[in-house]
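J.: fold the following, please.
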Amino acid sequence: MKNLALLCITVLIATFGLVLGTMQTASALSWNWNYSATSVTASGTFTTNDKPDHLGFYVITGITGTRNGETITRLLSAGTAIPGNEPYHIDNLISLNSPQLTGDGFGYSTASGSYSSPFFASFLPTPGYLEVFSALPFVPDAENFGPEDTELDIDFSATIIHRGRMSSS
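T.: This is a model prediction of the structure:
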């Protein structure tokens, strides 16, 4: 009977160890980012995965910050367009290398319901960063860019400030 009890305890400990062994800890990176133009200042923090893809880009998974003093409320999902800038989809990728953004960039909303999408414009005579800003009323199709919307040259930069851990199972 003692051997059976000891066997049961050993099995429970081994099972518990296997369950704990399958829990993974994923790492995350925190970044400071900012950009500015004559009439725009935006800054905040990103959270990304900790491993870049084969081209050196990290996936942005979270965002906080402000644009012209207005709170950024959420990061838009990769593969979507900011309202009023269809059909140009964002990819939410960032790199330590230059250019730090892709031609698709990232997108976010602000407390007033406006949207912004900074990206790298390799198609310009002198390639550089641009920000598309879209405000109400949103008219689908990029050819319907209204007077409330802008596309500005910006100075963009981002740096890693912290390596952290997130738990997942």
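
J.: ok, the closest residue to Ser112 other than its chain neighbours to Trp33 distance?
T.: Closest residue to Ser112 apart from its sequence neighbours, by Cβ to Cβ, 6 or more residues apart in numbering: Glu70 at 6.0 Å. In this view, the C-beta of every residue, glycine as well, is placed from N, C-alpha and C. Taking Cβ to Cβ, to the nearest Å as the measure, Glu70 falls 16 Å from Trp33.

J.: more crowded one of those two?
T.: Each of Glu70 and Trp33 has its neighbours counted (other Cβ atoms under 10 Å); Trp33 has more, 22 against 14.

J.: surely Gly105 and Ala121 touch.
T.: No. At 9.3 Å, Gly105 does not count as touching Ala121 under the criterion of Cβ atoms under 8 Å.

J.: of the two, which one has the most company?
T.: Gly105 (27 against 16).

J.: and the strands in this protein?
T.: 24-37, 40-49, 57-67, 70-75, 93-95, 108-110, 115-121, 128-134, 150-168 (DSSP state E).

J.: looking at those, which is nearest to Leu101?
T.: Within these, the stretch nearest Leu101 is strand 115-121; the backing value is 4.5 Å (Cβ to Cβ).

J.: who touches that closest one?
T.: For strand 115-121, the external contacting residues (Cβ atoms under 8 Å, 6 or more residues apart in numbering) are 35, 42, 67, 76, 82-85, 88, 90, 99-110, 127-135, 154, 156.

J.: if we go to 6 Å?
T.: 35, 67, 82-83, 90, 99, 101, 103, 105, 107-109, 129-134, 156 (Cβ atoms under 6 Å, 6 or more residues apart in numbering).
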